[in-house]
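1. Starting from these lines, generate the structure:
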Amino acid sequence: MAKMAAKATNVGPTIMCAKVRGHSCFTDLPVEMGGTDTAALPPETLCAALANCIGMVVAITCREEGIAFAGMTVAVEAEPDDEKAKLDNFAVTIMMPEKLTDEQRATVEEAQKASKVRGTVAAGAHLTVTVA
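-> Numbering: from 1, shown residues only. Down below sits the predicted model:
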């Protein structure tokens, strides 16, 4: 797979718009933080990306294995650590639409490990920042 890339542009006082393969993703700050609250906070979009990525890999696996998944939900919570400028203690809950057998549960538990966002959050990543 090719490199993943995004480019964000400031489009309002506190609003950023990231472009990815022609798709747009906006972020903003709540009013109490000086923003206009027109979109989610960037850390909230990280939680959403984690939930979406895990959900997608589980759905693909369930489809292949004949496990019911329509209506599945993936909830993600994380605790802000303002001192270290990061999120920590991520908790993910996958709610399947039907009761799973032990074998199906093991399949879903294994499938979620294929999420690239999950893998990145769990292991951390090398980061380089350049100011031009």
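
2. Name the residues of the helix or strand Ala106 falls within that come out as buried.
-> According to DSSP states H and E, Ala106 maps onto helix 102-111. Across helix 102-111, burial judged by 16 or more other C-beta atoms under 10 Å covers 104, 107-108, 111. All C-beta spots, glycine's among them, are computed from the backbone N, C-alpha and C.

3. What of stretch 7-23?
-> 14-17.

4. tell me how far that stretch is from the chain's mean position?
-> Distance, stretch centre to chain centre, for stretch 7-23: 17 Å (C-alpha atoms, centre = their mean, to the nearest Å).

5. for that stretch, how far is the first residue from the last?
-> End-to-end distance for stretch 7-23: 11 Å, by C-alpha to C-alpha, to the nearest Å.

6. ok, residues contacting that stretch?
-> Applying C-beta atoms under 8 Å, 6 or more residues apart in numbering, the set of residues contacting stretch 7-23 from outside is 4-6, 24-29, 33-36, 38-39, 42.

7. Find the centremost residue of this structure, please.
-> Centroid-nearest residue in the chain: Ala49, 1.7 Å away (criterion: C-alpha atoms, centre = their mean).

8. Now the helix holding Ala106 - C-alpha only, PDB.
-> Extracted in PDB, the C-alpha atoms of helix 102-111 (Å, rounded to 0.1, in the frame of the first residue of the first chain):
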ATOM      1  CA  ASP A 102     -16.600 -18.600  21.700                       C
ATOM      2  CA  GLU A 103     -15.100 -19.300  18.300                       C
ATOM      3  CA  GLN A 104     -16.700 -16.200  16.700                       C
ATOM      4  CA  ARG A 105     -15.600 -14.000  19.700                       C
ATOM      5  CA  ALA A 106     -12.000 -15.300  19.200                       C
ATOM      6  CA  THR A 107     -12.300 -14.400  15.500                       C
ATOM      7  CA  VAL A 108     -13.400 -10.900  16.200                       C
ATOM      8  CA  GLU A 109     -10.800 -10.400  18.900                       C
ATOM      9  CA  GLU A 110      -8.100 -11.500  16.500                       C
ATOM     10  CA  ALA A 111      -9.500  -9.400  13.600                       C
END
